[in-house]
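# Take a look and give me a structure for this.
(one chain, ligands or ions: 1)
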Amino acid sequence: MAIRGAPTRLSEEALLADYPFLPGAEALLGGETPSVRSLLEQAAYERARELGWARVLAAQDDPTASERLEALESPLPGERYLSYLSFLFARLIVAAAPTAGAIRRWAVAESKRSYQRLQRASPETLAEVARRLDFGLEAEGDRLRIPVADYVRLAAPIREAEFRLVAQELRAGRVVVTAKRGARLLEEAVRRALAVPLPLTPELAQAVRAQAPERFAELARRTPSPVGRAGGLAGPVRPELFPPCVRKMRRTLERGENLSHAGRFCLAAFLHRVGASFETIVDAYRGAPDFDESVTRYQVEHITTRDGGRGYEPPNCDTLRSHGLCARDGDPDGAEPSDRAADPRCFEASLRHPLQYYERRGGRAAPRETSA
Ligand code: SF4
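Below is the predicted model of the structure:
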């Protein structure tokens, strides 16, 4: 639904229904916000749960097919609360999903669905959506003005050459863009907002998964695995063979917890050596509490392009141990029993390097500088 002009009381509701990720969208529930437990368990929310799962699973199959998500929306104003609840439930599912790929694909699909609406919206509505997402877009006639810093943050992941800063009209510290280009930038703002998982405690995440284990198994089947780079000596990427230290680093980020600088460096260098694509490595950091797309891209590029694309050497076991990152004794909070137990392979005296662990289990990695 297109929204024209400054939001009035009526259009405020329409605005929130069209963009349910905006702060305050819970107003669509008319003051009857259910608790997470109720949403998970009560029969009254069965339809919202079904729609929520449909949203998430459609996004896994094809995150670019935004019309599949649009088709799940009810056009009836009286059912806006249902659309919002299904959106909320979908957010819970992807926050509790065991792999980061699920939330990434869902965030892409929902942002593309929003883009269809943003393209039809007035510059004033675009500016209002941006303001609520903390970006400083301002309407100027039929165009938009954006502070340079915000422009750079939003345009960094967009590959089309026409979005490069050097190709933009700059005026008094602001980039001036058409409404269509502003809508595309906002699509990126939506994707960024939705790619940040809801902060669930481990117990709550477990409760969400326990509510529908067979659905989560289906989600895992339908979410593509990490993507490998074409060509080269490494790959295919086999996460099930990763050493405990790397598995723990990934889980830490997926749970939205902080990972030390040394851990972040090791993860990127390791993933690169086992053949993960650039985008897969960037995705691994999306759950970080301080995730910043442009900074992450810059750092991953720095780590992976060194030495003609060989990338930095991942740290060996002794170095990881000195940083408190070795997990051979197991991770008490690990999602799988195999992660919680000590791994005997890590106690073999000849094991010196996480890549060596991966290769011993049958994975293929690009050669290290010195064979451990
Ligand atoms: S022994 Fe090495 S491979 Fe195993 S968890 Fe520790 S650092 Fe990782």
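
# Do I have it right that residue 186 meets residue 118?
Yes - using Cβ atoms under 8 Å, residue 186 is in contact with residue 118, at 5.3 Å. All C-beta atoms are positioned from the backbone trio N, CA, C, and that covers glycine.

# tell me the secondary structure for residue 364?
Recorded secondary structure, residue 364: coil (DSSP: H, G, I helix; E, B strand; the rest coil).

# which residues sit against stretch 265-274?
Surrounding stretch 265-274, the residues in contact under the criterion Cβ atoms under 8 Å, 6 or more residues apart in numbering are 226, 234-235, 237-238, 242, 245-246, 249-250, 253, 259, 280-281, 284-285, 299-300, 303-304, 311-315, 320, 325, 354-355, 358, 363-366, 368.

# Let me see the ranges of the helices in the stretch 101-250 of the chain.
Here the stretch 101-250 of the chain has its helices, by DSSP state H, counting those that start in this stretch, at 123-132, 148-155, 179-194, 202-211, 213-222, 244-254.

# ok, then the element right after the helix or strand of the chain with the lowest mean pLDDT?
Here the helix or strand of the chain ranked lowest by mean pLDDT, DSSP states H and E is helix 66-70, holding a mean of 67. Downstream of helix 66-70, the next assigned helix or strand under DSSP states H and E is helix 80-96.

# And that next one, what does it pack against?
Counting contacts by 3 or more Cβ pairs under 8 Å, 6 or more residues apart in numbering; DSSP states H and E, helix 80-96 is packed against helix 9-18, helix 36-41, helix 46-61, helix 100-118, helix 202-211.

# Let me have those in CSV, extended by mean neighbour count, distance to the ligand and mean pLDDT.
As requested, the helices and strands packed on helix 80-96 are exported to CSV (neighbours: other Cβ atoms under 10 Å; distance: least, Cβ to the nearest ligand atom, whole Å; pLDDT from 0 to 100):
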stretch, mean neighbour count, distance to the ligand, mean pLDDT
helix 9-18, 17, 47, 76
helix 36-41, 15, 34, 89
helix 46-61, 20, 30, 90
helix 100-118, 23, 20, 88
helix 202-211, 15, 21, 88
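
# Quick one: closest of those to residue 146.
For residue 146, the closest of those is helix 100-118, at 14.2 Å, according to Cβ to Cβ.

# helices or strands next to the closest one in the packing?
Using 3+ Cβ pairs under 8 Å, 6+ apart, helix 100-118 sits against helix 46-61, helix 66-70, helix 80-96, helix 179-194, helix 244-254, helix 278-283.

# And the helices of the stretch 101-250 of the chain: which comes nearest residue 347?
Comparison of the helices of the stretch 101-250 of the chain against residue 347 by Cβ to Cβ identifies helix 244-254 as nearest, at 11.2 Å.

# Contacts for that closest one next, please.
Residues outside helix 244-254 that contact it (Cβ under 8 Å, 6+ apart): 98-100, 197, 239, 242, 258-259, 263-264, 266-267, 270, 284-288, 317, 320, 325-328, 330-331, 333-335, 339, 343, 346, 354.

# Quick one, which of these are buried?
Buried residues within the contacts of helix 244-254, counting neighbours by 16 or more other Cβ atoms under 10 Å: 98-100, 197, 242, 259, 263-264, 266-267, 270, 284-288, 317, 320, 325-328, 330-331, 334-335, 339, 343, 346, 354.

# rewinding a little: put together a markdown table for the helices of the stretch 101-250 of the chain, with distance to residue 62 on each row.
Shown next, in a markdown table, are the helices of the stretch 101-250 of the chain (distance: least, Cβ to Cβ, whole Å):
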| stretch | distance to residue 62 |
| --- | --- |
| helix 123-132 | 25 |
| helix 148-155 | 24 |
| helix 179-194 | 16 |
| helix 202-211 | 24 |
| helix 213-222 | 10 |
| helix 244-254 | 23 |
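
# Please tell me how far whichever residue of the stretch 151-300 of the chain sits closest to the ligand sits from residue 279.
Closest to the ligand within the stretch 151-300 of the chain is residue 245: 3.2 Å, counting by Cβ to the nearest ligand atom. Counting by Cβ to Cβ, to the nearest Å, the separation of residue 245 from residue 279 is 23 Å.

# residues contacting the residue lying closest to residue 91 once chain neighbours are set aside?
Take residue 91 and drop its neighbours on the chain: the residue closest to it by Cβ to Cβ, 6 or more residues apart in numbering is residue 198, 5.5 Å away. Residues in contact with residue 198 (Cβ under 8 Å, 6+ apart) are 91, 92, 95.

# Report pLDDT for residue 198.
According to the prediction, residue 198 has pLDDT 89.

# Pull up the gap between it and residue 265, please.
Note on residue 198: its distance to residue 265, by Cβ to Cβ, is 28 Å.

# quick one, domains of the protein?
By the record's domain assignment, the chain is partitioned as 9-133+181-194, 227-360 (automatic domain parsing).

# Of all those, which one comes closest to residue 152?
Closest among those, using Cβ to Cβ: domain 227-360, at 6.7 Å.
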